[in-house]
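how would this look folded up:
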Amino acid sequence: MGNGSEYDVIVIGGGPIGLASAYHLSKRRVRSLVLEQFTFANQLGSSAGISRQFRIPYPERYMVSLVRQSIPFWEELQAFTAVKLLDQAGTLWFGDKSVHTSEGNIADAEKALDAEGIAYSSLDRGALESEYHFTNLPENYVGLFQAQGASINLRETIRTLIEINGRSDCVTLKSEAPVTSIQPKQGKFHITTPLGVFVSSKLILVPGPYANSIFRMLRFQIEATYWNMTSAYFKVLDPRVTFPTWFVFQQPQGSNGNQFYGFPELSWNNPGYVRVASDFVIKPIRSPAQRSFIPNKKELSFTTNWVRQHMKGIDPAPEFTSTCLVSLSKIANKELLIDFAPPSVPGHENIVLYATGWAAKFVPILGRILADLALDGRTSFDISNFQTGNKYLAAL
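Residues are numbered from 1 along each chain as shown. Predicted coordinates:
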């Protein structure tokens, strides 16, 4: 296994997906090093905040299939903690059935769910208002409810993965270890950090929104846009009013992208409040360096107005706010990108990467997929729709 600075696999990026990759490597008794540029469980990347949505509806059948396949991996991870990782409340998609957004389309999601044999309920506007406490909805709004949807306790998920890896004699975790150089030499990669130089024959690159800062060291990059997303917490005034996790599909109105999503009240995330967020930004930022913890005032105003007009039993004045940084591919539909480095990179067949997209619901299964790719050069899971190829990874 080499000396103290040499590992079988080096994972660059210590967010949940990097930590899940190390966990699955350790299950195969592979010696790995996880390098995190900040501290573990930091608030500076795409895992900022506490909650995320777990949902099975997607407009593509292969995405529905991958979410289903992730469930046993969530159950495996759940065995390590008494704290519930998936707080089930169901998924509600509703709105204008003709609208296509970065999340998808209601009609296409119904087709994908039907194709996979997933049960769901179809709803008209009356049911949306009487059963789910929304109000003043347009006549043409319809919805679907899928009962397996849940709020992901992302903070606990990360804490659990840190604890598991910390107990493993196969995993080394190093924080405040930004990578400054990656040099291929004689079939191995020499990784320079302020903590020293580390060597491995295989790499897993999962730097989240900071992906290009790493990829460019290997002379390639992805075409991405960066969203500094706004969300807010609103006080529940009527305890009889409860919500599932939800997403509303609406036509944009000028600079108001008019897409919103929300969470139920959660005992582990500002109890007594619901979180509602805009699923659009008025102006993307140019790089992660522009990330801000201060929400965009217009996006917050649009969100607040939507809550005031359409949610019962909720104080429309936000009491807490938060932001989250996400990197989205410029490829249509903003898919997850999972692949090997392009052939222009020396040793590309030993460099596995994940980048872009909303992936919290896939954390445990992505760890397995990336570990498989790194160790075996293949995975039994179908990732053909996520592979990037030379078309999307541009050599520099």
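
which residues in the stretch 201-350 of the chain form helices?
With DSSP state H, counting those that start in this stretch as the criterion, the stretch 201-350 of the chain has helices at 211-215, 297-310.

dump these into CSV; add mean pLDDT, distance to Lys84 and mean neighbour count as well.
Just so you know, the C-beta spots here come from the backbone N, C-alpha and C atoms, and that holds for glycine as well. Listed next are the helices of the stretch 201-350 of the chain as CSV, based on pLDDT from 0 to 100; distance: least, CB to CB, whole Å; neighbours: other CB atoms under 10 Å:
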stretch, mean pLDDT, distance to Lys84, mean neighbour count
helix 211-215, 96, 31, 21
helix 297-310, 98, 26, 17
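
among the ones you listed, which is nearest Glu349?
Relative to Glu349, the nearest member of the helices of the stretch 201-350 of the chain by CB to CB is helix 211-215, separated by 16.2 Å.

elements contacting that closest one?
Packed against helix 211-215 by the contact rule (3 or more CB pairs under 8 Å, 6 or more residues apart in numbering; DSSP states H and E) you find strand 196-205, strand 220-222, strand 351-355.

which of these sits most buried?
Mean neighbour count (mean count of other CB atoms under 10 Å) peaks for strand 351-355 among these, with a mean of 27.

remind me what it packs against, helices and strands.
In terms of contacts (3+ CB pairs under 8 Å, 6+ apart), strand 351-355 is packed against strand 196-205, helix 211-215, strand 337-340, helix 363-376.

name the nearest residue to Ile214, sequence neighbours excluded.
With sequence-adjacent residues excluded and distances taken as CB to CB, 6 or more residues apart in numbering, Ile214 is closest to Pro207, at 4.8 Å.

hang on, the earlier thing: just send the helices and strands packed on strand 351-355 back as CSV, with distance to Val236 too.
What follows is the helices and strands packed on strand 351-355, written out as CSV (distance: least, CB to CB, whole Å):
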stretch, distance to Val236
strand 196-205, 41
helix 211-215, 38
strand 337-340, 38
helix 363-376, 28
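
what is the burial count for the residue nearest to Ile214?
By the criterion of other CB atoms under 10 Å, Pro207 has 29 neighbours.

now render the helices of the stretch 201-350 of the chain as a markdown table, adding distance to Ala127.
Formatted as a markdown table, the helices of the stretch 201-350 of the chain follow (distance: least, CB to CB, whole Å):
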| stretch | distance to Ala127 |
| --- | --- |
| helix 211-215 | 42 |
| helix 297-310 | 15 |
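
was I right to think Pro318 contacts Thr304?
Yes - counting by CB atoms under 8 Å, Pro318 touches Thr304, with 6.0 Å between them.

now do the shared contacts for those two.
Ala232 (CB atoms under 8 Å, 6 or more residues apart in numbering).

out of the helices of the stretch 201-350 of the chain, nearest to Asn153?
When the helices of the stretch 201-350 of the chain are compared by CB to CB, helix 297-310 sits nearest Asn153, at 22.6 Å.

so what touches that closest one?
By CB under 8 Å, 6+ apart, the residues outside helix 297-310 that reach it are 134-137, 230-232, 234, 248, 255-256, 258, 260, 276-278, 280-282, 314, 316-318, 321.

gap between the lengthiest strand in the chain and the chain center?
Longest strand in the chain by number of residues (criterion: DSSP state E): strand 224-235. Centroid separation between strand 224-235 and its chain, computed with CA atoms, centre = their mean, to the nearest Å, is 13 Å.

same check on stretch 348-360?
With CA atoms, centre = their mean, you get 12 Å for stretch 348-360.

in the longest helix that the chain contains, which residues are buried?
When the chain is parsed with DSSP state H, its longest helix is helix 61-78. Buried residues in helix 61-78, defined by neighbour count with 16 or more other CB atoms under 10 Å: 61, 63-67, 69-71, 73-74, 77-78.

can you redo these as a markdown table with distance to Leu86?
Below are these laid out as a markdown table (distance: CB to CB, whole Å):
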| residue | distance to Leu86 |
| --- | --- |
| Arg61 | 22 |
| Met63 | 18 |
| Val64 | 17 |
| Ser65 | 18 |
| Leu66 | 16 |
| Val67 | 12 |
| Gln69 | 15 |
| Ser70 | 10 |
| Ile71 | 9 |
| Phe73 | 11 |
| Trp74 | 6 |
| Leu77 | 10 |
| Gln78 | 8 |
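
max pairwise distance over these: which two?
Arg61 and Gln78 (26.4 Å).

of the helices of the stretch 201-350 of the chain, which is nearest Ile331?
Taking those one by one with CB to CB, helix 211-215 is closest: 14.0 Å.

which residues are contacting that closest one?
Residues outside helix 211-215 that contact it (CB under 8 Å, 6+ apart) are 12-13, 179, 182, 205, 207, 221-222, 224, 288, 327, 341, 353, 355-356, 393.
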